[in-house]
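J.: what's the 3D shape of this:
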Amino acid sequence: MFRKTVVFVILILFPFSVSVAQKKNGSWIAPDWKNFVYPQVKFTNKAKGTQGAAIYNRLIPNPEAFIRQHALLVAQTLYWTACDSMPGIKRIHYSLEDIDGISAKDGAPPAIDIFYSSRWVEKSNIGNNDAKVLYETRGVLFHELTHGYQLEPQGIGGYVQGTEFWAYIEGMADAVRYQNGFFPVSNRKAGGHWMDGYQTTGFFLQWLTCKDPDFLRKFNRSTCEIIPWSFDKAMKHIFGESQGVEALWNEYQDFLERNQQSGSSKN
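T.: Predicted structure coming up:
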């Protein structure tokens, strides 16, 4: 969830779908991330004494390092190199709180705030399964950090539910989460609309990486290249004038319906 003033250090990572090379002057080179500026992270536990906080602390004893690591992974999903223009996040205040809801990002670079609900941690602990809790916690973190690192559409207003700005913001956050392996593919269903935001839009955007592995990066960058921005203009900018958002969405729906009929979950 995007809101404007609106495990550990030794972590075995899942396989990520982040490209490791880019083409330059006809040859392939590895992107340079050694200059990535890790944000300073201040973690505050406001849910002490709750079951959710106990679970979180046990699984993630060093949340500052955990969050910094995921900041890099989000940036690598949205950009080609650390030299690309991206929001300059210098500080993140991350709080674990005993409140309803799941999580939300607030503020704007250079400093942002993210809260995560200890009650959601408890709800995620189905069958006392640490793996499920960590899977959900990482997925939520990918979503919220995307809100910090993603670029924003220009010339079309601000974050209002139902608008293209809103659908882009929330759709990209869930696309990055899924791209990195933290949504089950069983959540992906036919139907809806590309303007629905969150998972409906996110699964669609991630599916477009089948057409172009760098799609998410190009779609993110399109917000600086197209003013006023729109889904349709961005799709045509990336795929050509004959490939507007409606045509691509219909192709995606056909793909989902064929897969559901065959029982396949492949991209």
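
J.: and the pLDDT for residue 207?
T.: On pLDDT, residue 207 comes in at 98.

J.: residue 259 now?
T.: Residue 259 carries a pLDDT value of 84.

J.: before we move on, what about residue 265?
T.: Residue 265 is given a pLDDT of 62.

J.: for residue 30, same thing?
T.: Confidence at residue 30, expressed as pLDDT, is 46.

J.: please apply the same query to residue 34.
T.: At residue 34, pLDDT is 87.

J.: please, which helix or strand holds it?
T.: Counting by DSSP states H and E, residue 34 is held by no secondary-structure element, helix or strand.

J.: find the nearest non-adjacent residue to it, please.
T.: Excluding its sequence neighbours, the residue lying closest to residue 34 (Cβ to Cβ, 6 or more residues apart in numbering) is residue 82, at 7.3 Å. For glycine as for every other residue, the C-beta is placed from the backbone atoms N, C-alpha and C.

J.: report all helices and strands that the lengthiest helix in the chain contacts.
T.: Counting residues, the longest helix found in the chain (DSSP state H) is helix 130-149. Applying 3 or more Cβ pairs under 8 Å, 6 or more residues apart in numbering; DSSP states H and E, we find helix 130-149 packed against helix 51-59, helix 63-78, strand 103-108, strand 111-117, helix 118-124, helix 164-179.

J.: so who does the residue nearest to residue 34 touch?
T.: By Cβ atoms under 8 Å, 6 or more residues apart in numbering, the contact set of residue 82 is 31-37, 75.

J.: do the same with residue 237
T.: Neighbouring residues of residue 237 by Cβ under 8 Å, 6+ apart: 222, 225-226.

J.: so which of those residues belong to helices?
T.: 222, 225.

J.: just put the contacts of residue 237 in JSON lines and tack on neighbour count and pLDDT.
T.: Converted to JSON lines, those look like this (neighbours: other Cβ atoms under 10 Å; pLDDT from 0 to 100):
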{"residue": "222", "neighbour count": "21", "pLDDT": "98"}
{"residue": "225", "neighbour count": "14", "pLDDT": "97"}
{"residue": "226", "neighbour count": "17", "pLDDT": "98"}
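
J.: related to what we said a few turns ago, out of the helices and strands packed on helix 130-149, deepest packed?
T.: Of the helices and strands packed on helix 130-149, the one with the most neighbours on average (mean count of other Cβ atoms under 10 Å) is helix 164-179, at a mean of 25.

J.: my guess is residue 115 contacts residue 93. True?
T.: No: applying Cβ atoms under 8 Å, one finds residue 115 not in contact with residue 93, separated by 9.1 Å.

J.: quick revisit: distance of the residue nearest to residue 34 relative to residue 219?
T.: Noted for residue 82: a distance of 20 Å to residue 219, by Cβ to Cβ, to the nearest Å.

J.: list the contacts of residue 136.
T.: Shown in contact with residue 136 (Cβ under 8 Å, 6+ apart): 120, 124, 182.
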